[in-house]
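> model this:
(one chain, ligands or ions: 2)
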Amino acid sequence: PQRYNPSQVTEYWQHVWAEEGVYDCPDDAEDPTYVLGMFPYTSGALHMGHVRNYAITDAYARYRRMCGDDVLHPMGWDAFGLPAENAAFERDTDPESWTRTCIERMRDELERMGFGYDWSREITTCDPEYYRWNQWLFTQFYEEGLVDYEGAAVNWCPDCETVLADAQVNEHEREANTGTETVEVCWRCETPVGRRELDQWFLSITDYAAELHADLDDLDGWPEGVRDIQRNWIGRQEGARVAFEIDAPADDALDGDAVDVFTTRLDTLFGATYIALSPGHDLADAIAVEDEAVAEYVDSVRAADPGEGGMSGVDTGVTATHPLTGEAIPVYVAAYVLDDVGTGAVMGVPAHNERDHAFATEQDLPIEQVIEPIGDATADLPADPYTEDGMLTASGEYDGLASAAAREQLQAHDAVESDVTYRLRDWLISRQRYWGTPIPIVHCDECGPVPVPEDDLPVELPEYVQTTGNPLAENDEFVETTCPECGGPAERETDTMDTFVDSSWYFLRYLSPDLDDAPFDTDVADEWLPVDVYVGGEEHAILHLLYIRFFTRALADLGLLDAREPVEQLVNQGTVLKDGKKMSKSKGNAIAPHEYGAETTRLFVLSAAHPRQDFEWTVKNVRTAYEFQQELYGMVAEFSEGEIESRTESEPHDAYLEREIDRTIAAVTTEYDRFRFHQVVGELRRFARLLRRYRDYEPPYKYAYSRALRTLAALVAPIAPYLGEELWHLLGEDGLAAGADWPTALHDVDDFRIERELVRNTLDDVREITDVVDIDDPERIEIVVAQDWKYRAYGIAREAAADTAVVGQVMDDEAVR
Ligand code: ANZ
Ligand code: ZN
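Ligands and ions are numbered 1, 2, ... in the order given. Next comes the predicted model:
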């Protein structure tokens, strides 16, 4: 029989697909299914991680299209950023040329992989037509009060010469003579990170902390793991604010002021022996005006790296009144109290908090135990703090209460107000690098920072000149300008935006990529959003995936959007491994996407494992994928060339085969719906084995057999589109497999669902399980079996239930009777 030569047919089908516009999503489509892969960074070449990511979206998009949906499956380029600048530097070119070269190559690679995109919607973030909308959105956020300009100590990578966001700083263990210590390093180059104080631009993501946190509960389409990571990152802390009144002579300006502290341990209130203010606290400033020692201390801490101040502090001489005991306790300024956490002030409880204990020891402050251990716990005070909950002591009328109860009762006190804080910090978007969106601000001595008016956008990047620092800052022609407000001489902001700004709304630009009077069309967005399925790596759990949720809400509040949540269903694909390690160029174990042929590779990648699971690249399994293509091709070719003997009775009846076709359709459809492409392949293999029996032993009825092959061609088309087209063609079908209707069962396929305790060995007894449905509780499993296995499955469930003393619950009672 003929052999299938995928590499010979790819160009032809790509051409035909493009010609027919198979993948174009019409502008007037009604709520198309929006299938999106995280757009690639233009790093130079496609790697296996991309292939896996985009094979998943492509298979799903093709499947939905065949089901009759309008599908939006776009592609674009995340083109700004430091790596391009570095690559250009190494190659003695400029970031723009380098990036454009990468894009050409990567687009070609994507096309050869057979991924079907609507290229008419292609976007590139380094195009002025794109980044002008970054700038416009920045000015809108600015008007809305969502932008801050603040001097801040920032993470600074001395090697990249740039500021890093908190999330771009990693912790590394390293050996030191005192044992291992943790160092903070740059996420990209692993250079230890230092600090600098710079005026920086921030987006106020913290305004949305509460909503971003709360709404995670309803994001059912997102993996629980990602939601947990976001919850932790946002870091919601329930606690209380306590007001301590300042004691000062009646003629002092401070008299009558109160300082609010934030605590998560209100139960320890009676153990507060001092108050500590952050060096940036307003009260610390006020005291510094009068008190030189305090002023000096505040200045020294602000100049140093955060964390460097250790347990240093200064007694301000001012005291505060404890709201319950009425005692006067000293007020300190201390480096360990952070400016932007809680209220920037703490009540020091040395007996029950590590840092307060260290501070009190250093500063010789009293340590007063107010919590007694209960149960097996013991305390070793005053040597060590006891930090667990327990029972209150030395706390007046609250003595004998458990910590939790005390926290609740103390809330009732006038000086106490329940409060929630978040660990999330505002998003620092300033970068001192060239290859990014210029922040559209003009600094005027008279008017301060002034946003660039809409008509003057975009602020275009000037031509690239190689320098050691920030090329924008060293470009006088760029910097020198006039103030949009007063017309006086002024200077342009030279920071560019974090590239995560670009990717925070790109999914909206695909809807109307050529629109030139708005970033996106609100009416279209209201109809097409949210993204139905978003696929990408889990490493984006906190940066990108939090930023798109923030942007969507901010845009909604600007009246540009109805949706507040950008993505309905999120799929995180696992890693491709080779020799047990993540496949990557830097590890020297990378395989190029086309090394084994585009379609074989994508078929293998999809058939190797569930999308979220890691899997190992093995040549043997690649071969299996290749042979599977050959097998299907051979089978169809033999038939179409009349090499298979078939019965010619006009009567189509082959009840058995007909039913097998229907069952295969039902099973495969379910697997596609759940992104279980590996199971699709499994089902198709089983089906092909069955068909081979006909070929080898028993002439089939022609009608049923040709329906079987047509079904096979259609079912395989989403995961192996070139093969799908070839088979379709061999079978003499008009049109394209990519545009064909999804096969439908002729008879009802009655699935039978049963949920019971997991008893793995008995599962093996029910061979015809068409599905094993993962459910959250790992102790339980839901299986779906074909109709004729239901009694047996039910019997097993009952036995298992008896064995495990848990009653198996039959979900479809109707089916059992
Ligand atoms: C009194 C207290 C007693 C606290 C106690 C803890 C234990 P964690 O510890 O991560 O749960 N805090 C509040 N604002 C702060 C700031 N600006 N800088 C540094 N620390 C600050 O975070 C909550 C605790 O962090 C708060 O509860 C407060 O110390 C401290 F036995 O208040 B606690
Ligand atoms: Zn001005």
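> in this structure, what helix or strand scores lowest on average pLDDT?
Of all helical and strand segments in the chain, the minimum by mean pLDDT, DSSP states H and E falls on strand 809-810, at a mean of 28.
> okay, and G732 sits in which element?
Per DSSP states H and E: G732 is located in neither a helix nor a strand.
> same question, E96
Using DSSP H and E, E96 sits in helix 95-112.
> mean confidence score for that helix?
Throughout helix 95-112, pLDDT has a mean value of 96.
> which other helices and strands does the next helix or strand after that helix contact?
Downstream of helix 95-112, the next assigned helix or strand under DSSP H and E is strand 123-124. Other elements packing on strand 123-124 under the criterion 3 or more Cβ pairs under 8 Å, 6 or more residues apart in numbering; DSSP states H and E are strand 76-77. Backbone N, C-alpha and C define where each C-beta goes, glycine included.
> the domain parsing of this protein - what is it?
133-204+427-499, 236-422, 598-739, 752-816 (automatic domain parsing).
> how about those domains, which one is nearest ligand 2?
domain 133-204+427-499 (3.0 Å; Cβ to the ion).
> please state the offset of that closest one from the chain centre?
Relative to its chain's centre, domain 133-204+427-499 lies at 23 Å (Cα atoms, centre = their mean, to the nearest Å).
> number the chain from 202, please
All right, first residue 202 from here; so that's domain 334-405+628-700.
> contacts only, for the residue nearest to T340 when sequence neighbours are not counted.
In this structure, T340 finds its nearest non-sequential neighbour in P652, 4.3 Å apart by Cβ to Cβ, 6 or more residues apart in numbering. By Cβ atoms under 8 Å, 6 or more residues apart in numbering, the contact list for P652 reads F339, T340, Y343, E344, P641, I642, V643, P685.
> which among those count as buried?
With burial judged by 16 or more other Cβ atoms under 10 Å, the buried subset of these is F339, T340, Y343, P641, I642, V643, P685.
> and of those, the nearest to E374?
Lowest distance from E374 to the buried ones among the contacts of P652 (Cβ to Cβ) belongs to F339, with 38.3 Å.
> please, where are all the helices along the stretch 802-951 of the chain?
Ranges of helices in the stretch 802-951 of the chain, per DSSP state H, counting those that start in this stretch, are 820-841, 856-874, 878-898, 903-917, 922-931.
> tell me the angle the fourth one makes with helix 878-898.
Pointing back at helix 903-917 there. With axes from the mean of the first three to the mean of the last three Cα atoms, to 10 degrees defining the directions, helix 903-917 sits at 160 degrees from helix 878-898.
> picking that back up, export the contacts of P652 as CSV, with columns for distance to D541, secondary structure and pLDDT.
Shown next, in CSV, are the contacts of P652 (distance: Cβ to Cβ, whole Å; DSSP: H, G, I helix; E, B strand; the rest coil; pLDDT from 0 to 100):
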residue, distance to D541, secondary structure, pLDDT
F339, 22, helix, 98
T340, 25, helix, 98
Y343, 20, helix, 98
E344, 24, helix, 97
P641, 26, coil, 98
I642, 22, strand, 98
V643, 28, strand, 98
P685, 31, coil, 97
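> tell me which two of these sit farthest apart.
Greatest spacing in the contacts of P652, by Cβ to Cβ: E344 and V643 (15.5 Å).
> now the strand or helix carrying V384: buried residues?
Per DSSP H and E, V384 falls inside strand 380-387. If you call a residue buried by 16+ other Cβ under 10 Å, then strand 380-387 has these buried ones: E385, V386, C387.
> how about the residues of this structure near ligand 2?
C645, E647, C648, C684, E686, C687, G689 (Cβ under 5 Å from the ion).
> of those residues - the most surrounded one?
C645 (20 neighbours; other Cβ atoms under 10 Å).
> what sits opposite that residue in the beta ladder?
G649 (DSSP bridges).
> wait, it touches R693, no?
No. Taking contacts as Cβ atoms under 8 Å, C645 lies outside contact range of R693: 10.6 Å.
> of the contacts of P652, closest to ligand 1?
Closest approach between the contacts of P652 and ligand 1, by Cβ to the nearest ligand atom: Y343, at 27.6 Å.
> leaving out the residues flanking it, which one is nearest to the closest one?
Per Cβ to Cβ, 6+ apart, closest to Y343 is P652, 5.1 Å.
> where do the helices of the stretch 652-801 of the chain begin and end?
Using DSSP H, counting those that start in this stretch, helices in the stretch 652-801 of the chain cover 677-680, 700-703, 707-710, 723-729, 745-758, 799-809.
> looking at the ones you listed, spot the one closest to ligand 1.
Judging the helices of the stretch 652-801 of the chain by Cβ to the nearest ligand atom, what sits closest to ligand 1 is helix 745-758, at 20.2 Å.
> can you give me the buried ones in that closest one?
H745, L746, L747, Y748, I749, R750, F751, F752, T753, R754, A755, L756.
> same thing with stretch 284-293?
P284, A285, E286, N287, A288, A289.
> what subset of those is also close to ligand 1?
Applying Cβ under 6 Å from any ligand atom to the buried residues of stretch 284-293, one finds that nothing falls near ligand 1.
> keep only those of those that are in helices.
Among the buried residues of stretch 284-293, the members found in helices (DSSP state H) are P284, A285, E286, N287, A288, A289.
> just give me the closest of the residues you listed to ligand 1.
Closest to ligand 1, out of all of those and judged by Cβ to the nearest ligand atom, is P284, at 34.6 Å.
> which residues touch the nearest residue to that closest one once chain neighbours are set aside?
Distances taken as Cβ to Cβ, 6+ apart put S244 closest to P284, at 6.1 Å, once the chain neighbours are dropped. S244 is in contact with P284, A285, A288, C303, counting by Cβ under 8 Å, 6+ apart.
> in terms of contact, does the third one touch G245 like I think?
Yes. The pair A288 and G245 passes the contact test of Cβ under 8 Å, sitting 7.1 Å apart.
> all helices for the stretch 402-551 of the chain, in order.
Remark: helices assigned in the stretch 402-551 of the chain by DSSP H, counting those that start in this stretch are 410-415, 425-435, 483-491, 493-504.
> now the second one against helix 745-758, angle please.
Orientation note: helix 425-435 sits at an angle of 70 degrees relative to helix 745-758 (the same axes, to 10 degrees).
> just the C-alpha atoms of helix 425-435, please, in PDB.
Output in PDB follows, covering the C-alpha atoms of helix 425-435 (Å, rounded to 0.1, in the frame of the first residue of the first chain):
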ATOM      1  CA  GLU A 425      -7.100  24.800  42.000                       C
ATOM      2  CA  GLY A 426      -3.300  25.000  42.100                       C
ATOM      3  CA  VAL A 427      -3.200  28.300  40.300                       C
ATOM      4  CA  ARG A 428      -5.900  29.700  42.300                       C
ATOM      5  CA  ASP A 429      -4.000  28.800  45.500                       C
ATOM      6  CA  ILE A 430      -0.900  30.400  44.200                       C
ATOM      7  CA  GLN A 431      -2.800  33.600  43.500                       C
ATOM      8  CA  ARG A 432      -4.500  33.500  46.900                       C
ATOM      9  CA  ASN A 433      -1.100  33.200  48.600                       C
ATOM     10  CA  TRP A 434       0.400  35.900  46.500                       C
ATOM     11  CA  ILE A 435      -2.400  38.300  47.300                       C
END
